[in-house]
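Colleague: Turn this into a model:
(2 chains)
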Amino acid sequence: MVRRAAAAVALLLAAWLAAPAPLRAQSLQRLTVESFVLSADTTAPQVDTPFHLIVTLHVRENVMRIDNLDLPLLAELELLGDERQTQSGSRGTQYRETITVVAHHAGTVPIASATLQAVDARDGKPKQWYTNQLRLQVAGPPLIVTGAATMRGMLNAVLRIFFWVVGIAIVVGLVVLIARRRPKPLPRPMPAPVTPPPPPPVLLVRSRRQEIEDALTVLRAEGTRVAAVRVRTAVWRMVGASEGETLADVLRRPQTNDPVQRRLLIALERSAFTYDDDLRAAITDACAALERYAETLP
Amino acid sequence: MIEARRPADLRAALAQTIVGQEGVIEALLLALLSNGHVLLEGPPGLAKTLACRSLAAALEGEFKRIQFTPDLLPSDIVGTRIFDQRESAFATVVGPIFANVVLADEINRAPAKVQSALLEAMQERQVTIGPQSYALPDPFVVMATMNPLDSEGTYALPIAQMDRFLMKINVGYPSREEELRILDRFAVADTQPLRSVATLDDVRSWRDQAHAVHIDDKLKRYIVELVAVTRDAGSVSVPAKSGATLRAAEFIDYGASPRATLALAFLARGRAMLEDRDFALPDDVRAVASYALCHRIGFNYRLATEGVSADRIIQAMIAAIPAP
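Modeller: Residues are numbered from 1 along each chain as shown, chains lettered A, B, ... in the order given. Modelled structure (predicted):
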């Protein structure tokens, strides 16, 4: 009977111990986690040389301590010390735990995440947060130096420093040279003025009379051979003549039976081919012929 | 105030005598104004002699006609020296070439020696008889004819000698209406002789004026292009008798010489002058282009085999060059 009672108590105890987290939520802190980071003060520690792993947690709430923060397993490192620091203020609480460790073997050391269990103040649910993981490359043990080796080491160090200094000087010199040769930056171009899109073309159907008057204006204004040839070409097109025809061809067309128009064509031919001394008179004559022809048009 | 006589007056006077044949009349006047010579090709009886005689009469000039035959000698044309027994010395007798208007009829019937004597006189405008050179009268126009129908016993003019003629025209038959007018005009026994409408001095003055006729640069380029197309007529199409379209270049062995370029300019100036203008137009160049080009292009046998006339090829080449 006693044995049965003891077994039941043990079972109950085991069941309590094996109870899942939610069952223990009552004991979790209510926190608003803002950052939770794991870092090391060196990425390449030396064998047997202590270094630090740092867990940093920032929560919005003001708390005196942080519970349920589990550090990662450090199987390949020897734990030398642990220092916790909590700073509370108006901007929340900064928790910083610095673990001093030392590696005794060279090689890659993976460090798992640290975890924090708390009730998320944002939604009231119990959660577990993880930091990042780390992967450290532990270098070999430092050499035990003798007197001669010390000298050699010092010489190497001096040479190394010398080469570094010379290298840096060369790089600085090159940078200065390049900077001097580089053309001055051009003034930033003014942004192109944004022109409004052109208005849709307005199709103006000009009458033959208007075209003749335009030609008259051009010929009067310019009074040159070039203008005369241009006007001649325009008038020829107007009467349906094609490129390369002669005056005789054009005059043979039935469209050019009008004597006023014929006089105009002859006058324009003269202004296009006459000699320079006669050009002014020829253009005056052509203008008069244009004027007369314009008057005959509706 | 006496009205200045114009070349157009001379043309009108000739047109009153000669029915039709405007081409012959124009060619004569152009040759007169350009100081050149004319080669006429056409059958006999087309008023060529009448045209020359009328021209000389209208100018108060002297007209001579030379019938070229196979036994003709150069001295028969230019003249010779004969011994005068009375004076006991050699005297020079000038030939029929000493005239203002000379008709060299059927020039291709005479041998090459006689032809070259005439052509030399045409070129140099002087002849040498014995030790003395004699200048030919001024104006001096030779109108040579060739009969295309009867080629037996003829001596073809070499192309180099043809080139010396400023122009060549093909004389065609008159139309029916023109032939009726010919009947009416020459039915009466005695026709009215052509009265003089100008003098030889007038002709010299016209020639100077024609030389001063302005040719615009656009027109000069047009002239050069017209001559150039005869040398490279690959792009000019000509319809053949068979219906196929052939390239003008297939009919041509060689194109016109630079003398054709000069001739075109001279003739265009002359035509402008005939039209009472002191500047030439594209129409002037186009109107005289075939005159200046036809005897300077070397056509080959395909002309006959394809049944295409030289004139059609020339017209196609002229049409291929757009006027300015």
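Colleague: For my notes, confirm residue A:84 occurs in a helix.
Modeller: No: using DSSP: H, G, I helix; E, B strand; the rest coil, the assignment for residue A:84 is strand, not a helix.
Colleague: for it, what are its contacts?
Modeller: By C-beta atoms under 8 Å, 6 or more residues apart in numbering or on different chains, the contact list for residue A:84 reads A:95-98. Using the backbone N, CA and C atoms, a C-beta is placed for each residue, glycine as well.
Colleague: where does it sit relative to chain B, distance-wise?
Modeller: 102 Å (C-beta to the nearest C-beta, to the nearest Å).
Colleague: Report the beta-bridge partners for that residue.
Modeller: Beta-bridge pairing of residue A:84, defined through DSSP bridges, involves residue A:97.
Colleague: hmm, back to that, right, and the pair among the contacts of residue A:84 with maximum separation?
Modeller: The distance between the two most remote of the contacts of residue A:84 (C-beta to C-beta) is 11.2 Å, for A:95 and A:98.
Colleague: Those two: who's more crowded?
Modeller: residue A:95 (21 against 15; other C-beta atoms under 10 Å in any protein chain shown).
Colleague: quick one: the residue lying closest to the more buried one once chain neighbours are set aside from residue A:93, how far?
Modeller: Nearest non-adjacent residue to residue A:95, counting by C-beta to C-beta, 6 or more residues apart in numbering or on different chains: residue A:57, 4.2 Å away. Distance, residue A:57 to residue A:93, by C-beta to C-beta, to the nearest Å: 8 Å.
Colleague: anything in contact with each of those two?
Modeller: Common neighbours of residue A:57 and residue A:93 are listed as residue A:66 (criterion: C-beta under 8 Å, 6+ apart).
Colleague: The two - which one has more neighbours?
Modeller: Using other C-beta under 10 Å, the more surrounded residue of residue A:57 and residue A:93 is residue A:57, with 23 against 20.
Colleague: helix/strand/coil for that one?
Modeller: Looking at residue A:57 with three-state DSSP, the answer is strand.
Colleague: Distance-wise, check it relative to residue B:141.
Modeller: Residue A:57 is 126 Å from residue B:141, by C-beta to C-beta.
Colleague: quick one: the strands in the stretch 51-200 of chain A?
Modeller: Along the stretch 51-200 of chain A, the segments classed as strands by DSSP state E, counting those that start in this stretch run A:51-59, A:69-70, A:77-89, A:92-103, A:107-111, A:115-120, A:125-130, A:134-138.
Colleague: Format these as TSV; extra columns: mean pLDDT.
Modeller: Shown next, in TSV, are the strands of the stretch 51-200 of chain A (pLDDT from 0 to 100):
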stretch	mean pLDDT
strand A:51-59	90
strand A:69-70	86
strand A:77-89	84
strand A:92-103	89
strand A:107-111	85
strand A:115-120	89
strand A:125-130	88
strand A:134-138	86
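Colleague: which one of those lies closest to residue B:186?
Modeller: Nearest to residue B:186, of the strands of the stretch 51-200 of chain A and by C-beta to C-beta, is strand A:134-138 at 130.1 Å.
Colleague: Compute the distance from the centre of that closest one to the centre of its chain.
Modeller: Computed by C-alpha atoms, centre = their mean, to the nearest Å, the chain-centroid distance of strand A:134-138 equals 34 Å.
Colleague: So which elements touch it?
Modeller: strand A:33-40, strand A:107-111 (3 or more C-beta pairs under 8 Å, 6 or more residues apart in numbering or on different chains; DSSP states H and E).
Colleague: Among those strands, which comes closest to chain B?
Modeller: Closest to chain B of these is strand A:107-111 (C-beta to the nearest C-beta; 85.0 Å).
Colleague: Against which helices or strands is that closest one packed?
Modeller: strand A:134-138.
Colleague: ok, back up a step: save the helices and strands packed on strand A:134-138 as JSON lines, and put in mean neighbour count too.
Modeller: JSON lines is the format used below for the helices and strands packed on strand A:134-138 (neighbours: other C-beta atoms under 10 Å in any protein chain shown):
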{"stretch": "strand A:33-40", "mean neighbour count": "16"}
{"stretch": "strand A:107-111", "mean neighbour count": "15"}
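Colleague: what would the ones you listed look like in CSV with distance to residue B:5?
Modeller: Shown next, in CSV, are those (distance: least, C-beta to C-beta, whole Å):
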stretch, distance to residue B:5
strand A:33-40, 120
strand A:107-111, 124
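Colleague: Out of these, flag the one nearest residue A:221.
Modeller: strand A:33-40 (81.9 Å).
Colleague: avg pLDDT for the closest one?
Modeller: Strand A:33-40 comes out with an average pLDDT of 90.
Colleague: could you check whether stretch B:7-25 is close to chain A?
Modeller: No: against chain A, stretch B:7-25 shows no contacts by C-beta under 8 Å from any C-beta of the partner chain, the least distance being 14.6 Å.
Colleague: Cheers, nothing more for now.
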